[in-house]
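1. Give the three-dimensional model of this entry:
(one chain, ligands or ions: 2)
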Amino acid sequence: MEIFDYENVLLLPRKCRVQSRSECDSSVEFGGRVFNLPVVPANMKTVVDEPITEWLAANDYFYVMHRFDLDSVAYAKRMNDKGLFVSISSGVKAEDYSVIDRLAAEGVKVDYITIDIAHGHAETVRRMIEHIKQKLPSTFVIAGNVGTPEAVIDLENWGADATKVGIGPGKVCITRLKTGFGTGGWQLSALKWCARVATKPIIADGGIRDHGDIAKSVRFGACMVMIGSLFAGHEESPGRTVEVDGKLFKEYYGSASDFNKGEYKHVEGKRILEPVKGRLADTLREMREDVQSSISYAGGTKLADIRKVNYVVLGGDNAGEHLFM
Ligand SMILES: NC(=O)C1=CN([C@@H]2O[C@H](COP(=O)(O)OP(=O)(O)OC[C@H]3O[C@@H](n4cnc5c(N)ncnc54)[C@H](OP(=O)(O)O)[C@@H]3O)[C@@H](O)[C@H]2O)C=CC1
Ligand SMILES: Nc1nc2c(ncn2[C@@H]2O[C@H](COP(=O)(O)O)[C@@H](O)[C@H]2O)c(=O)[nH]1
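-> Numbers count the residues shown, from 1 in each chain. Ligands and ions are numbered 1, 2, ... in the order given. Okay, the predicted model is just below:
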């Protein structure tokens, strides 16, 4: 099996078919809606909050609200009242079942639910998928996180409408160090491996360091790409602003860090500082331009055309050119 990651793969251009990159369509259909970009900010407390998710929904970007210190039912109702689509997160504990029950009992419309736990290839996730499908049958269910084809096959068979792939590639992740497991360091080839068996959309989650990594994720099978660190350092990001030597930073911490959990138990995340880098809308505009450019290099006009390109693996035992997946 080939092992590679974002930093040692490059995609190969094909003859250009457009006169301007503005002709390239970066939009993606996901769960019955069309979004401007195949990109979603991570459902983490230092990445999204209510105002950011409102802005994303109102401007045709996909979002997943986090589930920490939040009344998800009240949040979903507020989004309903504003006429915005609802996309929330769920765990698998008793309190998460009661959230689903309340949403159903109170008739709250929920468009997307992401079941998001550390080790998503688990019977607990199977039971939660079944519960959501029974109580909220029209809700699109995303389940994860996983890192193997076996897990993708199981989650799909258990009723998930999409799976989220990535165990440990995140910038504030320490799962690899604490447990010895994960896809950190080979996330892109793990994605490729999972996409080969998937029959439903995959969200590639974690490890994106540059905008070009979005096109690489699409090339290797992602329909959507979840990003934390690249979004965490904006002026409106919810993380605390910290000044160091006259420079402004935003706090970015893992959902499984003691900073998020409030205690040091089963900690698999850390805290870092991200330099403040302007407004979120400007980054999204630049990402869109970069993805449009990626599509043009792929010799295409739409996102799916990126899937057709060849690639090279730079350095290491797997180095060489690859004609197809
Ligand atoms: N993508 C990634 O690499 C990772 C992401 N995270 C993120 O951190 C957040 C918190 O995750 P998590 O702690 O799972 O959520 P929760 O604290 O909601 O825990 C979910 C449930 O799963 C159990 N659980 C968690 N990990 C394992 C495991 N390895 N084996 C068996 N049971 C487990 C927990 O029990 P108990 O705590 O008693 O074991 C708990 O009952 C999530 O948003 C998650 O996505 C966390 C780690 C890795
Ligand atoms: N192992 C851990 N992974 C975590 C934790 N908190 C979040 N995450 C994952 O990271 C991505 C974001 O990755 P990035 O490289 O874009 O910054 C996020 O979507 C989660 O899947 C954690 O505490 N431990």
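2. Output the set of residues of the stretch 201-325 of the chain in proximity to ligand 1.
-> Contact residues, the stretch 201-325 of the chain versus ligand 1 (C-beta under 6 Å from any ligand atom): 206, 255, 256, 266, 268. For every residue, glycine as well, the C-beta is placed using N, CA and C.
3. Thought residue 182 was touching the last one, still the case?
-> In other words, residue 268. No - under the criterion of C-beta atoms under 8 Å, residue 268 makes no contact with residue 182, lying 9.6 Å away.
4. before we move on, back to that, farthest-separated two in the residues of the stretch 201-325 of the chain next to ligand 1?
-> Using C-beta to C-beta, the two most remote members of those are 206 and 266, lying 18.4 Å apart.
5. Looking only at neighbour counts, state which of the two leads.
-> Ranked by neighbour count (other C-beta atoms under 10 Å), residue 206 and residue 266 place residue 206 first, with 25 against 11.
6. Let me know the pLDDT of that one.
-> With respect to pLDDT, residue 206 scores 98.
7. Which other helices and strands does the longest helix seen in the chain contact?
-> Secondary structure assigned by DSSP state H gives helix 280-297 as the longest helix of the chain. If contacts are counted by 3 or more C-beta pairs under 8 Å, 6 or more residues apart in numbering; DSSP states H and E, helix 280-297 sits against helix 50-58, helix 212-219, helix 229-232.
8. what's the first one in contact with?
-> Just to be clear, that refers to helix 50-58. With C-beta atoms under 8 Å, 6 or more residues apart in numbering as the test, helix 50-58 has contacts from 41, 48, 62-63, 65, 75, 78-79, 82, 84-85, 87, 236-238, 280-281.
9. Show me what counts as buried in that helix.
-> 52, 53, 54, 55, 56, 57 (16 or more other C-beta atoms under 10 Å).
10. out of those residues, who's nearest ligand 1?
-> Using C-beta to the nearest ligand atom, residue 53 comes nearest to ligand 1 of the buried residues of helix 50-58, at 15.7 Å.
11. Alright, calling it a day.
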